[in-house]
Structures are given as C-alpha cells and as structure tokens.
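Trainee: What follows is a protein structure lacking sequence information:
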C-alpha cells in the first residue's frame, strides 16, 4: 500500500445526492473524512459528511476553499461543468480522470470511444439538425431513439421515433441541443457490470446484475444475472478493457444489452452506479468502499459475493411501503433522507437477501 | 407502525465514540439525522453526524440547546451523570430508560436485579471497607475479583485476589470507591446475546456470539457460538426476561458464562455492544439499526443471520495490519477514524465472513 491516502485525510466529493451519501459512509468506514460540495439545498450526503459546502459550481471562491480543505477529489455524478473541473485540477487530482468524464458526458464521444476500443454498440449517428436526422434515419432506420448528446439521465432528453414521420417532433424535443440517433437493439435483457480499477492498475469486478427499468428509471437489479459462463466472462473482460483504455481510477458502471449476437455496451457511468447498490448486502466490500479504496490507493476488494440479492429502488410514493418492508426478514433498507417524495424521485432502496451465493 | 418517529427527525446521541458513530450511520440509513453530544474533542461520530455539540455533561446551557434540537435521546455508553439525564428528561424521552441505566451503572444493583429476576450470577458481596472485604472473603473465598461498583469498563477498576492476603492491595486499588467482591466462576467460555425490545414490547435477539478477551478487552467474537440448542434457547429467553423486567427499549448486550451448571450472567450493557459488531456483515439488520428501529418505533429486525462471522477488534497497533487485512477476501473493515493508536485503544474491527449460515 504505497501512496495510500493517509488515515484521517479528507476526500472531497462533488455532488451530495444519495451516491455521495453512501460514498461518505464508506469513506468513514476506511478512516477518512468527507467534504461534500453541492449546489442544491439540504443534500442527502450532508447527514453523514464531515463538512458540507453548499455552492454553485460557478462559485470559484467556494471551489477554491473546497480544494484547499480536501486531499483528493472525486464525484458522484458526471455532469460537472468543465470550468469547475479546471479550477479544482489546478489544486488536486480528480479521480476518475477527465478523459473518463469527457467520454461519458457526451453520448457521441462515448459511442466512438467504445467502437474504437473494439466493443459493440447500437448503431448510431450524430444529429445536429433536420438534414442530419433524415440521413441518420435513412442509415439506421426506425424504430430508433433520439437522445441529446449531453446531460441526459433517467430517460430525460430522449424521444422515440417509431417511424420516419416522427422526426420533426423528436428533433423539437431536443431543444437546440446536439443529439445522437441510436438504432434499437434486439436484446433479451440488460445487465450491468460494476468494475473498479485501482491506482496501481489492478482491476476487480462484481458479479453482473440484471436490471429492469420502468419509465427509463432503474426499478430492480437481481444478482446473479441470467448469463452463461462465457457471457459472464465476456462482460467482465469488456469492462476491464474500458477501464484500462481510460486509465481509469475508481468504480465504473457498464450497462450491457444481452443479444443473440453477444453483449452490446449501452452506456458507461464513471461513478458508483444504482445497479451496484446490491453489493452493500451481498459483498464484504461494497461498490462505495471499492470506489474509496481505488481512489485512496488501497488494495481492491476482490468482488466476491456471499449472498444473492434483489435490489429494488424505492421511487416516489414507494416510500410509503416502508412499514411493510420493515417487517420482512432479510430485507435491508437504505433510505436517502429526502424530505419530499416526488414522482420519479429515488427515495431509497431495499436489498433483499434472497439466498446464498 | 403507529408512534413511529417521523422521517427526517433528529436523534440525539450521548457519546461520540465508535458506537455513536455506527449508530449515526444506521440512523441515516433509516432516514433520520443525528446530533452527537460529547465532552471530548474530535469524536469519531462527528465524521458521520448531522450535528455535533462538544460540551461537558455539566454544561446545562449546552444540554438544553441539545435537548431543544433533537426529537429523542439515546446514548452509546452508560456512565452519563445523573444530573445530565435529569435535565434532558425534563424535555424528552431517553431510551433505554433510567432504570436500565441505574441497574447497569452499579455492579451491586445489577447483580441484585439479576438475582431478583431469577437469573444466576457469580457469588458476590458488597465491599465498602476492610471489614466488609474480610467478611466477603470468608463467604466467597479466593480466588475472587474486587471491582468498583461504578465506572468500570474494559478491565479497569478491578483487582484480583489470589489469596486472602491480597485484600489490602486490592482494596487500595479501588481508591475510596464502593466495591463488590465477585467469586470466580468455572466457565468453559463466554457468550453474549445482543437482544432488543421495541416500543411495542416486541423482543428480538441475534444469535449468541462467542467472545474471547485479552487483558480485559474483547478480542474476538465468533458466530455461531459453541452452544447446545438448549443453551441457545436459554440464552435468548434469559435476555428477553431482562429486557421485559426493565421495560427496556433499545438494544442490550448480555454477557454470559457457559458453565457445567448452566448459563451465568456476567454483566449487561444497556446499549449496542462490541460483541454485536459481527451483525454488520452477518445480518440484513445489524445491531445499530436494530437499536434505532427499537427507539424510533419501527418493527424490529428478526435477528436472522445470513453468514457466519469472526469479528476481530483492532486494538492499538493492530491498525498497522490494515494493509494486509485489506487484501483478504471476505474481510469487512470498519475503522473508527481515531488519529492516535494508543495501547488498548479500540481503533476499528474487521468482520471476516467465514461461511454461510
């Protein structure tokens, strides 16, 4: 453990949502303190952080004070303004690195990177205007899905084209943002690999989980996923290829479609991932601790799983089911401390231990 | 879930050590915030608490401000001055209750309570002076152990008498504090039961763990403990009897000696207990969450165990072994964020998942 972040060091986390909250707890478990930087009021991570700064990413004085108070910087979401990253990087290392961020912030760059790395993706084409879109439809066909290149998550910034005639409406839904048209992939199910790469280049992966979405939002992850041994190996090798290509340090979520022709990469997230929450109750070292280990220079957990888990997100009014879930045996509840249960808002999750691995 | 503490409520915790730290994380997981009150600087719990007050228990202004800022009060250690409890109870309920505290704060009252509840204890006698001690030795014999009635923990405030001639030295070791002489019990091993009682009177227990001490400090807890089915049932019934007799709300640790004549109660602790740390990686609901559930009016976890665990305390320089432990598979590390590794100081623990339950 050379170059290990010293005990008691402060890890700066950009973003104070539930991922920052769970990263903060994991950091404490390894003897570190956290300082959260978050623009929004009452961030969930504030309940379990050593220090919190509420400031917009454009507040350079706040960013500088933050940078001076921490020993290393990481983040819980990928859409951090470039100017903020530039300022922070003048002071400190940021893990995962800028390349990982720039790749994952833009769907077009992401797809090109994946193709260049020899990985399969859905057919795609860049769409900046109506002419581009007509050409893209001619090439890819319909049904297809038009997505903004940047700032999309949980199904936002997307429009489906069932036929070429939907082009105008779909394009209007993008506002004036550059977009990408993606062809539909015939897949039987979606899985994700939560993988990590350490400062030393060591790579480890958790068992792939099988994801079910509703309305563009992750609903459940089941581990183990339905995969053949060959597919499981492919999934993990593929994730390792991405991590190494990016010289990545930290945890990454890689979403994959399982098709008759093999695994297709849907998207990558340069951070801990909702589909890895099951690891909290299925592994000795969960994805949050794995991320802290990676960026702090610790040996990685080996990803071994002691239990089978069904993770269910508690979205919006689902939170009202807590009194019943609390009476279940083997149900581990994780709430995010959000005051208001709006539709589509992730309020917590429950990890049901369904068996022994 | 009637009378359930509302989401977002603030739980006041007296004491900011590692137990308060782990209680704070568990409270957050259930959607609560914590406010820690602790006399010492840099309390471990501060890294993961919503609010922290550093003030002595004699600072009534600080106590009042604390009481006004929280919705309920609990504690992580039993030696809270009576005056502080009086002041706080004028504002708020304290769980576990005062009776549990008064019983466990004084070894003589504790032993009397246990005997009155029909439970077996070591032979004992009150010792206020040399005359008492001579009579106690005559009654109980040697070897025996003289302990201060109050404020003893981790082997402190104790003196062993190998022969009646050790009386003067042992008595001197007590200072002028009232003491209790305890006869030695022939036991094969020590186990403990971590049990909980909820606001509704519901009782639940985790599987008993088997404890090994070194120098008066807990070294390891192994689950499952070596017990017959009858002993296991006895241990749990006995813990339930204590909880009900005290109208207790919260988690309690009950230490038991396993003897040829049955189980003998060594001592009770009215709080989460070091010998229950294994539950963090062996159960869906651990002892810290169980305590928060109990005092917040939630249904209790049923105590079921998914994995066998060996918990090892990391004491003093043990912390230097972390680089090696971090490379083990199935080892879950829990550090307390203490800056200085003094001899005898609990710096963290590791839960090794040793098998499937």
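Mentor: Done, it's in. Here the structure is a predicted model, which is why all the values come from computation and not from measurement.
Trainee: tell me which residues in the longest helix anywhere in chain A are buried?
Mentor: As far as residue count goes, and with DSSP state H defining each element, the longest helix of chain A is helix A:229-245. If you call a residue buried by 16 or more other C-beta atoms under 10 Å in any protein chain shown, then helix A:229-245 has these buried ones: A:231-232, A:234-236, A:238-243, A:245. Every C-beta, even on glycine, is put in place using the N, C-alpha and C of the backbone.
Trainee: what about that helix, average pLDDT?
Mentor: Mean pLDDT, helix A:229-245: 97.
Trainee: With stretch A:191-200 instead?
Mentor: pLDDT averaged over stretch A:191-200 gives 97.
Trainee: do that stretch and chain B meet?
Mentor: No: against chain B, stretch A:191-200 shows no contacts by C-beta under 8 Å from any C-beta of the partner chain, the least distance being 11.1 Å.
Trainee: tell me how far that stretch is from the chain's mean position?
Mentor: Its chain's C-alpha centre lies 11 Å from the corresponding centre of stretch A:191-200 when counted by C-alpha atoms, centre = their mean, to the nearest Å.
Trainee: That stretch: which residues count as buried?
Mentor: A:191-199.
Trainee: Looking at the residues you listed, which one is closest to residue B:7?
Mentor: Checking the buried residues of stretch A:191-200 against residue B:7 with C-beta to C-beta, the nearest one is residue A:194 at 28.6 Å.
Trainee: what pairs with the closest one across the strands?
Mentor: residue A:253 (DSSP bridges).
Trainee: Repeat that for the one 10 residues further on.
Mentor: Note on residue A:204: beta-bridge partners by DSSP bridges are residue A:196.
Trainee: Quick check: it touching residue A:300?
Mentor: Yes: Residue A:204 is in contact with residue A:300 according to C-beta atoms under 8 Å; the separation is 4.2 Å.
Trainee: ok, the buried residues of stretch A:191-200 vs residue A:28, which is closest?
Mentor: residue A:196 (19.0 Å).
Trainee: Which residues are in contact with the closest one?
Mentor: For residue A:196, the contacting residues are A:203-205, A:243, A:250-252, A:287, A:290-291, A:293-294, A:300, taking C-beta atoms under 8 Å, 6 or more residues apart in numbering or on different chains as the criterion.
Trainee: Go again with 10 Å.
Mentor: Residues counted as contacts of residue A:196 (C-beta atoms under 10 Å, 6 or more residues apart in numbering or on different chains) are A:202-206, A:239, A:243, A:248-252, A:272, A:276, A:285, A:287, A:290-291, A:293-295, A:300-301, A:303.
Trainee: can you check residue A:85 too?
Mentor: Neighbour list for residue A:85: A:14, A:57, A:63, A:73, A:75, A:94, A:98, A:101-102 [criterion: C-beta under 10 Å, 6+ apart].
Trainee: Which members of those residues are positioned in strands?
Mentor: The strands, defined by DSSP state E, take in A:14, A:73, A:75 from the contacts of residue A:85.
Trainee: among those, who's most crowded?
Mentor: Neighbour counts for those were taken using other C-beta atoms under 10 Å in any protein chain shown; the highest belongs to residue A:75, with 25 neighbours.
Trainee: What score does that residue have for pLDDT?
Mentor: What the model reports for residue A:75 is a pLDDT of 97.
Trainee: Next up, phi/psi of residue A:179, please.
Mentor: Geometry field for residue A:179 lists phi and psi as phi -130, psi 180, criterion degrees, to the nearest 10.
Trainee: Repeat that for residue A:322.
Mentor: Torsion angles, degrees, to the nearest 10, at residue A:322: phi -50, psi -40.
Trainee: quick one on the thing from earlier: out of the contacts of residue A:196, which are buried?
Mentor: A:203-206, A:239, A:243, A:248-252, A:272, A:276, A:285, A:287, A:290-291, A:293-295, A:300-301, A:303.
Trainee: Mind checking which of the residues you listed are in helices?
Mentor: In helices, defined here by DSSP H, the members of these are A:239, A:243, A:287, A:290-291, A:293-295.
Trainee: quick one: residue A:330 from chain B, how far?
Mentor: Separation of residue A:330 from chain B (C-beta to the nearest C-beta, to the nearest Å) stands at 5 Å.
Trainee: and what of residue A:185?
Mentor: With the distance defined as C-beta to the nearest C-beta, residue A:185 ends up 36 Å from chain B.
Trainee: Do I have it right that that residue meets residue A:121?
Mentor: Yes: under the contact definition of C-beta atoms under 10 Å, residue A:185 touches residue A:121, with a separation of 8.7 Å.
Trainee: Neighbour count for the two, which is higher?
Mentor: Each of residue A:185 and residue A:121 has its neighbours counted (other C-beta under 10 Å); residue A:121 has more, 19 against 15.
Trainee: burial of the residue lying closest to residue A:192 once chain neighbours are set aside, as a residue count?
Mentor: Spatial nearest neighbour of residue A:192, chain neighbours left out: residue A:275 (4.2 Å); criterion: C-beta to C-beta, 6 or more residues apart in numbering or on different chains. For residue A:275, the neighbour count with other C-beta under 10 Å is 30.
Trainee: can you pull out the strands in the stretch 201-350 of chain A?
Mentor: A:203-205, A:209-214, A:217-223, A:250-259, A:262-269, A:307-315, A:331-335, A:346-356 (DSSP state E, counting those that start in this stretch).
Trainee: Pretty sure residue A:347 is one of the things residue A:315 touches, is it not?
Mentor: Yes: when contacts are counted by C-beta under 10 Å, residue A:315 is listed as touching residue A:347 (6.7 Å).
Trainee: Not counting sequence-adjacent ones, nearest residue to residue A:20?
Mentor: Spatially, and ignoring its direct neighbours in sequence, residue A:20 is nearest to residue A:45 (3.7 Å; C-beta to C-beta, 6+ apart).
Trainee: tell me the phi and psi of that neighbour?
Mentor: Dihedral angles of residue A:45 (phi, psi; degrees, to the nearest 10) stand at phi -70, psi -20.
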